[in-house]
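A.B. asks: pasting a predicted model and its sequence here:
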Amino acid sequence: MLESRESKRARDMSMIGAYSSDMMNMVRTARPMGSLKPPDTGMSW
């Protein structure tokens, strides 16, 4: 029980880390077009 909860939390943390790094890459690559569109168009939350 405790092990599954810990592994689930670790999986969530790794997913959040990968998602945030993807967001950083998206923001970094989309920065030249920041003057054309608002910076928050790609964010759903």
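C.D. replies: Structure received. Numbers count the residues shown, from 1 in each chain.
A.B. asks: buried sites along stretch 11-20?
C.D. replies: Neighbour-count burial for stretch 11-20, counted by 16 or more other CB atoms under 10 Å, picks out no residue. C-beta here means a position set from N, CA and C on the backbone, and glycine is covered the same way.
A.B. asks: okay, that stretch in PDB with CA atoms only?
C.D. replies: Extracted in PDB, the C-alpha atoms of stretch 11-20 (Å, rounded to 0.1, in the frame of the first residue of the first chain):
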ATOM      1  CA  ARG A  11       5.500   8.800 -11.300                       C
ATOM      2  CA  ASP A  12       3.500  11.900 -10.900                       C
ATOM      3  CA  MET A  13       6.600  14.000 -10.100                       C
ATOM      4  CA  SER A  14       8.400  12.600 -13.100                       C
ATOM      5  CA  MET A  15       5.400  13.400 -15.300                       C
ATOM      6  CA  ILE A  16       5.200  16.900 -13.900                       C
ATOM      7  CA  GLY A  17       8.900  17.300 -14.500                       C
ATOM      8  CA  ALA A  18       8.700  16.100 -18.100                       C
ATOM      9  CA  TYR A  19       5.600  18.300 -18.700                       C
ATOM     10  CA  SER A  20       7.300  21.400 -17.200                       C
END
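A.B. asks: what mean pLDDT does it have?
C.D. replies: The average of the pLDDT scores along stretch 11-20 is 82.
A.B. asks: heads up, I number from 27, so please use that
C.D. replies: Sure, I'll start counting at 27 from here, so that last one is stretch 37-46.
A.B. asks: host element of D48?
C.D. replies: Here D48, judged by DSSP states H and E, is contained in helix 28-56.
A.B. asks: that concludes my questions; thank you for your assistance.
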